[in-house]
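>>> Could you work out the structure for the sequence below:
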Amino acid sequence: MTGAGQGLPDRDAEMVRAARRALPRWADFPAGADPRPLVLLTGPVRVTSGFATGDAKLAFLQGAVEAAADVPQDAVRMLRRPADGRVHGHEVSYRVVAAERSEAEFATDRGNQLLPAWRLEAADALGPIGCSRPRRTPGAGRRQDPPAGSRPDRTA
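Have a look, this model is predicted:
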């Protein structure tokens, strides 16, 4: 079915298809656990103030992230993705220069919550980046990572 003769897909049918694709991702979620794990609504990465350059932003969004020697690899793992490291035809990367264990505010299914996070400083960032640290849920016996397919909150 199309909307108003404009060739647009039927929104209800698309929502049903999206729900069918999403449902298997949540099949193992421990909804009955006490306490039940939080669900991050905005993703595990918070960029608070943006980037100094357009190339830095694009490198970050592509996952072309490097870390200084003293930055724990665990702190930048969520930021990295396979990327060719090229923006506008030249090599670029986003360099994290410092990391410390801290807390950051994340939107969850139970409102905004301060959660354990890496506080990252980068050469081309205008402010700190919060990167959540997955934690174990008591009694669950396994890490509670963000659901597959969640997207980082990149507000810049």
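
>>> Report how many residues lie close to R81.
10 (other CB atoms under 10 Å). In this view, the C-beta of every residue, glycine as well, is placed from N, C-alpha and C.

>>> Need the pLDDT of it.
Reading off the confidence values, R81 has pLDDT 73.

>>> Spatially nearest residue to it, not counting backbone neighbours?
G63 (2.8 Å; CB to CB, 6 or more residues apart in numbering).

>>> surely that neighbour meets M78?
No. Counting by CB atoms under 8 Å, G63 does not reach M78; the two are 9.4 Å apart.

>>> okay, these two: which has more neighbours?
Higher neighbour count among G63 and M78: M78, with 20 against 17, using other CB under 10 Å.

>>> who's in contact with the more buried one?
M78 sits next to P44, V45, C131, S132, P152 when contact means CB atoms under 8 Å, 6 or more residues apart in numbering.

>>> hmm, try it at 7 Å
Remark: with contacts taken as CB atoms under 7 Å, 6 or more residues apart in numbering, M78 is in contact with P44, V45, C131.

>>> before we move on, the earlier item: my guess is the residue nearest to R81 contacts V76, does it?
No. If you go by CB atoms under 7 Å, G63 and V76 don't touch, sitting 9.9 Å apart.

>>> Out of the contacts of M78, which sit inside strands?
If you go by DSSP state E, the contacts of M78 have V45, C131 in strands.
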